[in-house]
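*Asks:* Sequence plus the predicted model coming up.
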Amino acid sequence: MKALFLETEKSVGKVICHDITKIEKGAFKGALFKKGHLIREEDVEILLNLGKNHIYSLELEPGELHEDEAGLRIARALQGDGLTLNGPSEGRLDLTALQRGLLKVDVERLNKINLLPDVVIATLHTNTPVEIEEKVAGAKVIPLVVNEEVVRQVEEICKSGPALLRILPYGKQKIGVVITGREVIEGRVQDGFAPVLNEKASFFGLEPPEILYAGDNAEIIANSVEDLLSRNCEIIIVTGGMSVDPDDVTPSGIKKAGARVIKYGAPALPGAMFLLAYKGKTPILGIPACAMYFRTTILDIILPRILAGEILEIGDIAGLGHGGLCRRCEKCLYPNCSFGKGVV
């Protein structure tokens with residue numbers, strides 16, 4: 001690139017080298033045009049009114065890109081389903097969610113891009129539940145002018161697999177719940193699970209779950225699971241009875257139902273006694289009692305992924321350890337915190 005000193009009327013299409021300030025007493029003081037701005041026809045009269053009869057500008061050489069064009073190409077390469085772009089501004093573009101859902105980030109390819117010169121991309125953690133219009137990523141080039149080859153490298157990395165950034169929308173699965181505990185059936189204690197699970201279903205826009213009560217009998221638990229499957233429940237949650245006491249038979253009941261256990265025990269606190277199983281394609285979640293007492297537990301990490309249509313494996317559960325410790329903040333900020341947010 002090279003610097004030019006031009007008459008303002010002849011500067012359309014050129015890049016401003018420095019901020020151009022406007023001062024209006026009692027009303028405005030600041031940069032009206034920022035460094036890197038590409039001068040448009042409608043800008044000329046405004047610049048002349050500011051007393052700018054001449055402009056220092058940049059002329060791009062072949063193979064060079066202005067920061068805004070480079071940023072736009074990079075953001076478009078990153079953009080997957082459920083995302084929209086905002087910008088550019090000084091070479092930065094933001095990607096925001098068009099829908100509620102689960103943010104998926106290809107962390108390996110993201111890191112590969114951030115090793116390139118002159119490019120930075122920052123995102124929320126992968127598997128973060130996001131809301132409509134929530135900002136999930138920002139992409140920027142560092143210099144005012146960037147080598148086009150760097151942008152091409154970003155584009156090639158993004159083409160090498162599914163969209164690097166995307167939002168998986170939540171489905172409308174029917175949830176069935178088996179609530180265990182003889183003390184609940186006999187009315188000795190009030191059932192605390194049903195209100196919690198009704199609230200969580202409502203948050204995701206789902207119908208209230210179908211609820212069955214099974215006491216502390218593995219055979220009855222298994223039969224209840226089969227009953228819910230016959231009612232076309234697509235997610236089954238079995239609550240309580242997940243510990244090692246003799247009366248805690250929920251894992252046995254899930255196995256008796258013919259489910260394939262993926263993992264019993266998870267590196268998440270609260271939620272260590274969690275069980276994940278599948279019967280066919282139907283996920284069965286064994287949820288410990290902590291989900292009844294704490295606002296945020298492993299259920300809040302796993303359920304959005306299930307609703308987004310993911311089939312979880314043992315590695316997904318084992319990977320929760322890094323970030324799996326809830327800080328138990330006085331005011332819960334989840335998902336805007338580290339809980340359940342590992343590096344991969």
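*Replies:* That came in fine, so what should we check first? Residues are numbered from 1 along each chain as shown.
*Asks:* need the strands for the stretch 201-344 of the chain, in chain order.
*Replies:* Listed in chain order, the strands found in the stretch 201-344 of the chain under DSSP state E, counting those that start in this stretch are 210-215, 235-239, 260-264, 275-279, 282-287.
*Asks:* State the mean pLDDT of the second one.
*Replies:* What that stands for is strand 235-239. Rounded to a whole number, the mean pLDDT of strand 235-239 is 97.
*Asks:* who does it pair up with?
*Replies:* strand 175-180 (parallel), strand 282-287 (parallel) (DSSP bridges).
*Asks:* cool, and the third one?
*Replies:* On the basis of DSSP bridges, the sheet neighbours of strand 260-264 come out as strand 275-279 (antiparallel).
*Asks:* Show me the helices in the stretch 101-250 of the chain, by range?
*Replies:* Listed in chain order, the helices of the stretch 101-250 of the chain (DSSP state H, counting those that start in this stretch) span residues 107-114, 148-159, 182-185, 193-203, 218-230, 250-256.
*Asks:* List the contacts of the residue nearest to H37 when sequence neighbours are not counted.
*Replies:* Using CB to CB, 6 or more residues apart in numbering and skipping the chain neighbours, the partner closest in space to H37 is I16 (4.7 Å). Every C-beta, even on glycine, is put in place using the N, C-alpha and C of the backbone. By CB atoms under 8 Å, 6 or more residues apart in numbering, I16 lies in contact with F33, K34, K35, G36, H37, L38, I39, I55, Y56, S57, L58.
*Asks:* Mind putting those into CSV with secondary structure, neighbour count and pLDDT?
*Replies:* Formatted as CSV, those follow (DSSP: H, G, I helix; E, B strand; the rest coil; neighbours: other CB atoms under 10 Å; pLDDT from 0 to 100):
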residue, secondary structure, neighbour count, pLDDT
F33, strand, 20, 80
K34, coil, 13, 78
K35, coil, 15, 72
G36, coil, 21, 73
H37, coil, 22, 82
L38, strand, 17, 84
I39, coil, 20, 87
I55, strand, 24, 82
Y56, strand, 16, 69
S57, strand, 22, 71
L58, strand, 20, 69
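*Asks:* buried ones in stretch 192-211?
*Replies:* 192-194, 196-198, 200-201, 204, 206, 209-211 (16 or more other CB atoms under 10 Å).
*Asks:* Need the pLDDT of I179.
*Replies:* Predicted confidence (pLDDT) for I179: 94.
*Asks:* Relative to the helix or strand containing K22, what are the paired strands and their orientations?
*Replies:* Using DSSP states H and E, K22 maps to strand 20-24. Strand 20-24 pairs in its sheet with strand 28-33 (antiparallel), by DSSP bridges.
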